[in-house]
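> Give me a 3D structure for the following:
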Amino acid sequence: MPLGTQIAYLFILAIPIACIAWTVTHEEVFREPREFCVKCSEEGKSLFQRKFFYLFTCEYCFSHYVTVFILILTDYKLIMPDWRGYIIAGFALVWIANQYMSLYGYLRIDLKKEKIIAKKEEQDSNED
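Residues are numbered from 1 along each chain as shown. Next comes the predicted model:
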């Protein structure tokens, strides 16, 4: 596969990785399982149990596991056509996916801030 195509796949495959990792670790739809995982990661009896459950609460950590799944599913390799291509692709996908999640996080903060400001202005105008 030409390098340009590999790079395009890198940026495209990172999107579902970021989406899955963000959704599981932040969104309301997974709140109850995430709260259970937080509790188990803080109160687990063994180190293994605490670390295992922590994986589902950290988008960076969870993105590694989603990336492994995507690599198996797609057989995507970056630069080298053998096992080294999987390793390079894995770390590159995690990095790009986490850049996407950071960008999305900043966007959400800005949107939430604007929403709060608009609500406050609306309340102020209603009081006048």
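> okay, CA-based contacts and neighbour counts for the rest of this
Fine.
> So which other helices or strands are in contact with the longest helix belonging to the chain?
The residue-count maximum for a helix in the chain (DSSP state H) belongs to helix 83-127. On a contact count with 3 or more C-alpha pairs under 8 Å, 6 or more residues apart in numbering; DSSP states H and E, helix 83-127 meets helix 3-26, helix 59-74.
> Work out the gap between that helix and the centre of the chain.
Distance of helix 83-127 from the chain centroid (C-alpha atoms, centre = their mean, to the nearest Å) equals 11 Å.
> how much does it deviate in direction from helix 59-74?
On the basis of axes from the mean of the first three to the mean of the last three C-alpha atoms, to 10 degrees, helix 83-127 is oriented at 130 degrees to helix 59-74.
> Give the rounded mean pLDDT of helix 83-127.
Across helix 83-127, the average pLDDT comes to 86.
> quick one on the thing from earlier: with mean neighbour count, mean pLDDT and distance to residue 101 added, can I get the helices and strands packed on helix 83-127 in a markdown table?
Formatted as a markdown table, the helices and strands packed on helix 83-127 follow (neighbours: other C-alpha atoms under 10 Å; pLDDT from 0 to 100; distance: least, C-alpha to C-alpha, whole Å):
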| stretch | mean neighbour count | mean pLDDT | distance to residue 101 |
| --- | --- | --- | --- |
| helix 3-26 | 18 | 94 | 6 |
| helix 59-74 | 18 | 94 | 8 |
